[in-house]
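Student: the following comprises the amino acid sequence and a computationally predicted model.
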Amino acid sequence: MTRRHWMALLIATASIPATAAERVEVKARGLDHPWSLAFLPDGRVLVTERRGALRVIGTNGRLGTVTGVPAVFHESQAGLFDVVLHPRFADNRTLYLSYAKGTARANATVIARARLEGDRLIDVKEIFRNTPAKSGPVHFGGRMAFLPDGSLVMGTGDGFDYREQAQVTASGFGKMVRIGGSGEIPADNPFRGSAVWSYGHRNPQGLAVDPETGRLWAHEHGPRGGDEVNLIVRGGNYGWPVATHGVDYSGASISPYKSYKGMIDPRVVWVPSIAPSGLAVYRGAMFPAWRGNLIVGGLVSQDVRRIVLDAKGKLLHQARIVPQVSARIRDVRVAPDGALWLTTDEPDGQALRISQ
């Protein structure tokens, strides 16, 4: 990649225009660092709280709690992360949770499968545990998404103190992992007998499949600068920590390379960092102008933005949306009716619905 090319990717936050305001409704308050949302067929909405609770927003707006959630390791960034429904949830009532498990000295990102019966989980079973175990309560990843073939992908963090392991395919740190719905390793994964689907990631915090093209998009936190949006492909090496647009938190250089032969360059880079969190590909009907765009929340930038790409996935431009919302945005989801839902990363967090 030439200097001119990668400079074109760098997005200065101050240069991002805001679009017209949309309607914002508060659907739930009093959520403890709400991390993820999932829409049930009956109109209710599941919300994970990082402390380890699975909440449910009723069709009447009341906030309830789902029992039977497995115990999580909760400290700093560790806790309960994502909730996703099985593609045939309406028939099998099966869902998946990702969370941190263990202790401060030895922990891992895991996936559990369960069935939802009323307001309780039954038949809860751990189906995947990232290895090796790590110490410290940071850089877990934890976002999940189902691919069109029914396999499940999850991003894992580099564990912060283990960043070189992101380049080691035998390690679970800094990866996208792909498993079957019961935890089995698909035979067509790129590394035989391994769940690793792609590698060279730092701390993925957004993962979404385009329902029309089947493309798998992800974003991840850089260190100090260098947040990325990537188009994930089987067996791809995304560079960390060999190639990065960021520097260490101390200001020291991590690598002299922003691009490296054999490694896949990001489609979008943010310098300074916005700390992206939550990712959706908009294919709804409510906002026709957004179709095919990526919707990204920002923790540090405290905004929501629309990433406009061409048919090949090349960045055209981006714009802030919902400018009346200024908060740490943790999750971004598109509801069945095309509305956009957000969660705010606060001790007294909210679930917000954005509509016309």
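Tutor: Structure's in. What do you need?
Student: which residue is nearest the centroid of this protein?
Tutor: Nearest to the geometric centre of the chain sits residue 206, at 2.3 Å (CA atoms, centre = their mean).
Student: C-terminal to the helix or strand harbouring residue 114, what's the next element?
Tutor: Assigned by DSSP states H and E, residue 114 falls within strand 107-117. Proceeding N to C from strand 107-117, the next assigned helix or strand is strand 120-129, under DSSP H and E.
Student: could you export that following strand as PDB, CA atoms only?
Tutor: Only the C-alpha atoms of strand 120-129 are listed here, as PDB (Å, rounded to 0.1, in the frame of the first residue of the first chain):
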ATOM      1  CA  ARG A 120     -35.200 -18.700  31.800                       C
ATOM      2  CA  LEU A 121     -32.400 -20.500  30.100                       C
ATOM      3  CA  ILE A 122     -32.300 -24.300  30.100                       C
ATOM      4  CA  ASP A 123     -29.900 -26.900  28.700                       C
ATOM      5  CA  VAL A 124     -27.000 -24.400  29.100                       C
ATOM      6  CA  LYS A 125     -23.800 -25.900  27.800                       C
ATOM      7  CA  GLU A 126     -20.300 -24.500  27.200                       C
ATOM      8  CA  ILE A 127     -19.400 -25.300  23.600                       C
ATOM      9  CA  PHE A 128     -16.200 -23.300  23.100                       C
ATOM     10  CA  ARG A 129     -13.400 -22.000  25.300                       C
END
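Student: given the helix or strand hosting residue 230, what are its sheet partners and their directions?
Tutor: Residue 230 belongs to strand 227-232 when elements are defined using DSSP H and E. Strand pairing for strand 227-232, determined by DSSP bridges: strand 216-220 (antiparallel), strand 268-270 (antiparallel).
Student: right, so of the ones you listed, which gets closest to residue 200?
Tutor: Taking CB to CB, strand 216-220 is the member of the strands paired with strand 227-232 nearest to residue 200, at 10.0 Å. Backbone N, C-alpha and C define where each C-beta goes, glycine included.
Student: now the closest one: buried residues?
Tutor: 216-220 (16 or more other CB atoms under 10 Å).
Student: which of those sits closest to residue 100?
Tutor: Nearest to residue 100 among those is residue 220, at 17.5 Å by CB to CB.
Student: just put the buried residues of strand 216-220 in TSV and tack on pLDDT and distance to residue 190.
Tutor: Below are these laid out as TSV (pLDDT from 0 to 100; distance: CB to CB, whole Å):
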residue	pLDDT	distance to residue 190
216	98	14
217	98	19
218	98	16
219	98	21
220	98	19
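Student: turn those residues into JSON lines, columns for distance to residue 32.
Tutor: Compiled in JSON lines, these are given as follows (distance: CB to CB, whole Å):
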{"residue": "216", "distance to residue 32": "30"}
{"residue": "217", "distance to residue 32": "28"}
{"residue": "218", "distance to residue 32": "26"}
{"residue": "219", "distance to residue 32": "24"}
{"residue": "220", "distance to residue 32": "25"}
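Student: how about residue 166, secondary structure?
Tutor: helix (DSSP: H, G, I helix; E, B strand; the rest coil).
Student: spatially, which residue comes closest to it, not counting chain neighbours?
Tutor: Nearest residue to residue 166, sequence neighbours excluded (CB to CB, 6 or more residues apart in numbering): residue 174, at 2.7 Å.
Student: I figured the one you found hits residue 160, correct?
Tutor: No. Using CB atoms under 8 Å, residue 174 is not in contact with residue 160; the gap is 10.3 Å.
Student: the two - which one has more neighbours?
Tutor: Just comparing residue 174 and residue 160: by other CB atoms under 10 Å the higher neighbour count belongs to residue 174, 31 against 18.
Student: could you list the low-pLDDT ranges of the chain?
Tutor: Low-confidence segments of the chain, defined by pLDDT under 70: 1-21.
Student: helices of that one, start to end?
Tutor: In the chain, the helices defined using DSSP state H lie at 3-9, 89-92.
Student: which outside residues touch the last one?
Tutor: Contacts of helix 89-92 from elsewhere in the structure, counted by CB atoms under 8 Å, 6 or more residues apart in numbering, are 40-41, 86, 95, 115.
Student: filter the residues you listed down to the buried ones, PyMOL style.
Tutor: Those of those that count as buried under 16+ other CB under 10 Å are selected in PyMOL with:
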select buried, resi 40+86+95+115
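Student: among the contacts of helix 89-92, name the ones in strands.
Tutor: Counting by DSSP state E, the contacts of helix 89-92 place 95, 115 in strands.
Student: could I get the contacts of helix 89-92 as a markdown table with distance to residue 138?
Tutor: Shown next, in a markdown table, are those (distance: CB to CB, whole Å):
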| residue | distance to residue 138 |
| --- | --- |
| 40 | 31 |
| 41 | 35 |
| 86 | 30 |
| 95 | 26 |
| 115 | 32 |
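Student: closest to residue 198 among the contacts of helix 89-92?
Tutor: Nearest to residue 198 among those, with distances taken as CB to CB, is residue 86, at 23.0 Å.
Student: which residues does the residue lying closest to that closest one once chain neighbours are set aside bridge with?
Tutor: Among residues not flanking residue 86 along the chain, residue 94 sits closest, at 4.0 Å (CB to CB, 6+ apart). When assigned by DSSP bridges, residue 94 has beta-bridge partners residue 115.
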